[in-house]
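Colleague: Sharing a sequence plus its predicted fold:
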Number of protein chains: 2
Amino acid sequence: MKGDAPLQLRVFDLNCWGIRYLSKRRQERVELIGDTLRQEDFDLVLLQEVWSEQDYSNLKAKLGGCYPFSHYFRSGVIGSGLCIFSRFPILDTLLYQYSLNGYPYMLQHGDWFCGKSVGLVVMKISGILFNIYVTHLHAEYCREKDTYLPHRLVQAWELAQFIRHTSKAADVVLLGGDLNMHPEDVGIRLLRGWTGLRDAFAEAMHFEGCEDGCTLIPKNRFTDKAELLPFPLGIRIDYILYKAISSFVVKCKELKTTTGTAPGMDIPFSDHEAVMATLHIKRQGQAAGDTLGTAEPMMADVVTEARTEVCVGLRAAQRQRCSTGRMAVLALLLLLVQATAALGTLVGLGTEQPFPKLSFSLLAFSAIGILLLATGLHLFHTMEVKMLLGTEEQMQMALRALQERP
Amino acid sequence: MKGDAPLQLRVFDLNCWGIRYLSKRRQERVELIGDTLRQEDFDLVLLQEVWSEQDYSNLKAKLGGCYPFSHYFRSGVIGSGLCIFSRFPILDTLLYQYSLNGYPYMLQHGDWFCGKSVGLVVMKISGILFNIYVTHLHAEYCREKDTYLPHRLVQAWELAQFIRHTSKAADVVLLGGDLNMHPEDVGIRLLRGWTGLRDAFAEAMHFEGCEDGCTLIPKNRFTDKAELLPFPLGIRIDYILYKAISSFVVKCKELKTTTGTAPGMDIPFSDHEAVMATLHIKRQGQAAGDTLGTAEPMMADVVTEARTEVCVGLRAAQRQRCSTGRMAVLALLLLLVQATAALGTLVGLGTEQPFPKLSFSLLAFSAIGILLLATGLHLFHTMEVKMLLGTEEQMQMALRALQERP
């Protein structure tokens, strides 16, 4: 950073909707994303839902000239889908996989298989130390009855804690991603309040794009129109957030979103709109210090609200743990009864076998199947209870800390 | 810290061997641990394998007077087993669950079910900011053919990375735990070299306890004597490690271990020996800076050695992913053949059913069972491959960084 001229950083963020075999016109869109990124002079590109490693490799090959540094975050069965391309060298990376991420048996939603995570990349640009985070939280499939809310809140909390604990040496913190939360949702208030991150859309001096900064809009040909019926303008769930920790100030000079199609094309990049921010980073005289972003009495309310939702999830998980445990015990009892009957017949206690062999075997196999399934589910919900309890305790600790502050 | 007098910190670390229904004389030993901690004036107590929450609650109730602050880290099915008791307030906590931790089907080893993790606790003692880590890595069941070595190395690497990224604002870093690695093992060299942590045993001005600081000794009545046959003195796998990051120096004034029994008693605390360190922390004139602990050319060798082992694990995981995938496909084919045969009989193509009903159903059920099992294993090994690949890439990045340094 020469003299007092601010550092300008152009950031591109997009949920690419890159599900193999499922996402429409995937390869064509990935090509288009690559072409656009090569033409435009962004400094940082934060992508989500790049679930095919081949797509990442293709992008890497295409963008090697203008974005020589990149990282793909691996996790889960399918992968985290997160990757980053940069004009500047990547000094270090770290991946944190969220402890809760939906249910393995909700195959139609599939979030569990992605190993949803937050990826951290450390960079030094013009002498300024950047911690850049990219993430994707659990999807919201039904806003009226959002059964995944407790999991998403645990993720938002873990994201906030991870950022707080890992960014203490950074000059500037930048987070981009699909948070699957509307701007007024408790999870985003928790994340912003607990980390002090600012919303590029709210802070932007100049904005160009969809009304209200929406990133999932009915105009996009790939969005689910029925899902967006209650929101005629669309919803905003993709964000670029930032803060300066030490003696720097960050300003969002401009924020843009695509508006249903890729610029100058007739198809969109994805079912989400891209978010593009131009940030100015400048050294300032006095250190700003690491402060919470929200007034603290308000922050206590936000943590309390989040904790209440986590407690709702905890009770549901406890009920499921109980019912699956009971089912496993019943299946085991049935097996024991059958084993006793079979043994009785073998040692000649019974005159003849009470059931035909086929039904007897089918019953036994079904009992074994139910026993295994119920045990697996019981173990899963036991883990879920543990993680929800752990988060609830951490939130309680945060509340105490907030209340004890002078 | 008044004037220049150093802060004295007494740290107690113990793997408590607290497995419900399995560990011998567990309740009696937990009582004994609680009584001893209450009598002794430690400042920090780092415990592992406290797998029963009831044991933790009992300890908490007993130690409330002298260690008013405590935290239990929850994860996995059984729990992480990690907890901490302290005389000083806990400001914040964070849990990082290792991405790999053995195999769910290795029921006799059970590590997978514990959700092995590292717990971080932040404290301010006499104005000095402490990051205190407690952890327990995957056990080594057979030193000659250690199939878990790649997983343990991934854990050691993730532990080192987690400590590096989260401790940037800390004045003093402290790590206690059962690392399940001998002092000369590549994992411990990697951890120490990559974080700059020092070994309290090696640095201690005064030592009292088992020869070579061993913490798993044949003299302890609960240890497996056959396992320790090649090591007549025992092995050292429990550690207290530390470093000062900013303008502080830490010295280990004294290190002690128990020697097969609890002090003044005829039974031990656990199958492990307790490690007790007295540390002196002093502010020094000039900032020490965050440096790697080992000379860098050596560090590159250590990372290369670790990477080679991770690659061995990667190839094994890839083989297992392939073979489980093949098995799933075969089971599916068998099911398809059976379905075709059954359909043929139903529509009257075959004159009569080729198999008796019972064998036919048993075969179908077995095929379904194998299909489900093989698919589950295939998904698990796919995740394993992803995490090993990710670690291998991170190590490669670290090697490049080491080589590029002037």
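Modeller: Arrived safely, thanks for sending.
Colleague: residue contacts, residue A:228?
Modeller: For residue A:228, the contact set (CB atoms under 8 Å, 6 or more residues apart in numbering or on different chains) comprises A:216, A:217, A:218, A:234, A:235. Just so you know, the C-beta spots here come from the backbone N, C-alpha and C atoms, and that holds for glycine as well.
Colleague: Please repeat the previous calculation with a cut-off of 7 Å.
Modeller: Remark: with contacts taken as CB atoms under 7 Å, 6 or more residues apart in numbering or on different chains, residue A:228 is in contact with A:216, A:218, A:234.
Colleague: Please determine how far it is located from chain B.
Modeller: 33 Å (CB to the nearest CB, to the nearest Å).
Colleague: In the stretch 1-150 of chain A, where is pLDDT below threshold?
Modeller: Within the stretch 1-150 of chain A, the ranges that satisfy pLDDT under 70 run A:1-3.
Colleague: Can you pull up the residues of it that come close to chain B?
Modeller: Within the stretch 1-150 of chain A, the positions near chain B by CB under 7 Å from any CB of the partner chain are A:74, A:75, A:76, A:77, A:79, A:93, A:94, A:95, A:96, A:97, A:99, A:120.
Colleague: Okay, now the unreliable bits of the stretch 151-300 of chain A?
Modeller: Using pLDDT under 70, the stretch 151-300 of chain A drops low at A:286-297.
Colleague: Can you tell me which of the contacts of residue A:228 are also in contact with chain B?
Modeller: Okay, of the contacts of residue A:228, nothing touches chain B (CB under 7 Å from any CB).
Colleague: which among the residues you listed end up buried?
Modeller: Buried subset of the contacts of residue A:228 (neighbour count, 16 or more other CB atoms under 10 Å in any protein chain shown): A:216, A:218, A:234.
Colleague: Go through the residues of the stretch 1-150 of chain A next to chain B and flag which are in helices.
Modeller: Nothing among the residues of the stretch 1-150 of chain A next to chain B maps onto helices, per DSSP state H.
Colleague: for chain A, what spans make up the helices?
Modeller: Under DSSP H, chain A gives helices at A:26-39, A:53-63, A:111-114, A:149-166, A:186-195, A:200-203, A:296-346, A:357-404.
Colleague: So residue A:200 versus chain B, what's the distance?
Modeller: 24 Å.
Colleague: before we move on, what about residue A:224?
Modeller: Counting by CB to the nearest CB - residue A:224 and chain B are separated by 27 Å.
Colleague: Give me the number of neighbouring residues for that residue.
Modeller: Neighbour count for residue A:224, taken as other CB atoms under 10 Å in any protein chain shown: 11.
Colleague: which bits of the stretch 151-300 of chain A sit near chain B?
Modeller: Contact residues (CB under 7 Å from any CB) of the stretch 151-300 of chain A with chain B: A:161, A:165, A:166, A:168, A:169.
Colleague: Any chance of CSV for those residues, columns neighbour count?
Modeller: Compiled in CSV, those are given as follows (neighbours: other CB atoms under 10 Å in any protein chain shown):
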residue, neighbour count
A:161, 21
A:165, 22
A:166, 24
A:168, 18
A:169, 16
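Colleague: With respect to residue B:317, which of those is nearest?
Modeller: residue A:166 (28.0 Å; CB to CB).
Colleague: Roughly how far does the most centrally placed residue in chain A sit from residue A:157?
Modeller: In chain A, the residue lying closest to the centroid (CA atoms, centre = their mean) is residue A:137, at 1.7 Å. Plainly put, residue A:137 is 11 Å away from residue A:157 if you go by CB to CB, to the nearest Å.
Colleague: circling back: residues contacting the residue nearest to the centre of chain A?
Modeller: Residue A:137 touches A:116, A:152, A:155, A:156, A:179, A:180, A:181, counting by CB under 7 Å, 6+ apart.
Colleague: Please repeat the previous calculation with a cut-off of 6 Å.
Modeller: Contacts for residue A:137 (CB atoms under 6 Å, 6 or more residues apart in numbering or on different chains) come out as A:152, A:155, A:179, A:180.
Colleague: for residue A:98, same thing?
Modeller: A:116, A:155, A:158.
Colleague: same check, this time on residue A:6
Modeller: If you count contacts by CB under 6 Å, 6+ apart, then residue A:6 has A:280, A:281, A:282 around it.
Colleague: on that earlier part again, residue B:309: which of the helices of chain A is closest?
Modeller: helix A:53-63 (23.6 Å).
Colleague: Now do the closest one against helix A:26-39, angle only.
Modeller: Using axes from the mean of the first three to the mean of the last three CA atoms, to 10 degrees, one finds that helix A:53-63 and helix A:26-39 are set 30 degrees apart in direction.
Colleague: Touching helix A:53-63 from outside, list them.
Modeller: So helix A:53-63 is contacted by A:18, A:30, A:34, A:37, A:50, A:70, A:72, A:83, A:85 (CB under 6 Å, 6+ apart).
Colleague: Would you mind listing the buried residues in it?
Modeller: Quick answer for helix A:53-63 (16+ other CB under 10 Å): A:55, A:56, A:58, A:59, A:60, A:62, A:63.
Colleague: Residue A:138: how many residues sit nearby?
Modeller: That count, for residue A:138 with other CB under 10 Å as the rule, works out to 27.
Colleague: One more: residue A:323?
Modeller: Neighbours of residue A:323 (other CB under 10 Å): 14.
Colleague: ditto for residue A:301
Modeller: 16.
Colleague: That one and residue B:156, how far apart?
Modeller: 42 Å.
Colleague: that older thread, show me which pair in the residues of the stretch 1-150 of chain A next to chain B is furthest apart.
Modeller: A:77 and A:120 (22.0 Å).
Colleague: The two: which has the busier surroundings?
Modeller: Between residue A:77 and residue A:120, counting by other CB under 10 Å, residue A:120 is the more crowded of the two (27 against 17).
Colleague: Hmm, the more buried one is touching residue A:94, no?
Modeller: Yes. Using CB atoms under 6 Å, residue A:120 makes contact with residue A:94 at a distance of 4.5 Å.
Colleague: now, which of the residues of the stretch 1-150 of chain A next to chain B lie within strands?
Modeller: A:93, A:94, A:95, A:96, A:97, A:120 (DSSP state E).
Colleague: so what's residue A:232 closest to, chain neighbours aside?
Modeller: Nearest non-adjacent residue to residue A:232, counting by CB to CB, 6 or more residues apart in numbering or on different chains: residue A:218, 7.0 Å away.
Colleague: coming back round to it: quick one, phi/psi of the residue nearest to the centre of chain A?
Modeller: phi -90, psi 170 (degrees, to the nearest 10).
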